[in-house]
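# any chance you can model this:
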Amino acid sequence: MIRITAGPHVFRARLETTLAPKTVAAFRKLLPCRQKLIHARWSGEACWIPLGDFRLGVDAENPLHLPAPGQLLFYPGGISETEILLPYGKAAFACKDGPLAGSPFLTIVEGVDKLAALGKLVLWQGAQDVVIEREGS
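As a prediction, this is how the structure comes out:
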């Protein structure tokens with residue numbers, strides 16, 4: 001299991017090894033991951049972690065455009081910068097140049113009920129620290 005701490009909220013997530021095995025394997029090597037979570041500009045009720053020119057070294061796997069709340073997507077870069085999308089409500093993954101699709105590599109399984117509060121916090125209070133790590137780290 002993975003623990004995601006975003007602002008004051010803590011979530012437990014499952015690695016999606018069946019849907020995105022290469023993405024999960026590469027992302028595990030980055031843990032713990034400490035970044036900033038900001039509100040999405042184009043994707044609806046979602047927050048994102050901008051990763052700029054960073055490359056994970058994997059292509060998209062089973063890419064999704066319409067993720068469910070708590071279904072984190074990894075976008076490996078291309079049309080837009082590399083990023084992680086964290087939807088908290090209705091979301092359609094996009095950038096200023098149009099629709100995007102990302103690999104569904106993490107799914108929040110505990111704390112889904114706190115996602116809307118996190119989204120509102122990021123929207124109204126600004127960027128929040130986010131840590132993604134193995135449980136027990």
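
# now the helix or strand hosting residue 48: average pLDDT?
Using DSSP states H and E, residue 48 maps to strand 44-52. In this model, strand 44-52 has a mean pLDDT of 96.

# repeat for stretch 80-94
Average pLDDT, stretch 80-94: 97.

# mind listing what's buried along it?
For stretch 80-94, burial by neighbour count (16 or more other CB atoms under 10 Å) applies to 80, 82, 83, 84, 85, 86, 87, 88, 91, 93, 94. (Glycine included, C-beta is placed from N, CA and C.)

# what pLDDT does the model give residue 56?
You'll see residue 56 listed with a pLDDT of 89.

# you'd agree it is up against residue 26?
Yes. At 4.8 Å, residue 56 and residue 26 qualify as touching, with contact defined as CB atoms under 8 Å.

# which of those two has more neighbours?
Set residue 56 next to residue 26 and count neighbours by other CB atoms under 10 Å: residue 56 wins out with 20 against 17.

# in contact with the more buried one, which residues?
Residues near residue 56 by CB atoms under 8 Å, 6 or more residues apart in numbering: 23, 26, 27, 30, 74, 76, 82.

# how far off centre is stretch 6-25?
Counting by CA atoms, centre = their mean, to the nearest Å, stretch 6-25 is centred 8 Å from the centre of its parent chain.

# actually, stretch 87-97.
With CA atoms, centre = their mean, you get 11 Å for stretch 87-97.

# what lies in contact with it?
Contacts of stretch 87-97 (CB under 8 Å, 6+ apart): 40-47, 64-73, 75, 79-80, 85, 99-102, 115-116, 118-119.

# of these, which belong to strands?
Those of the contacts of stretch 87-97 mapping onto strands are 44, 45, 46, 47, 71, 72, 73, 75, 85, 99, per DSSP state E.
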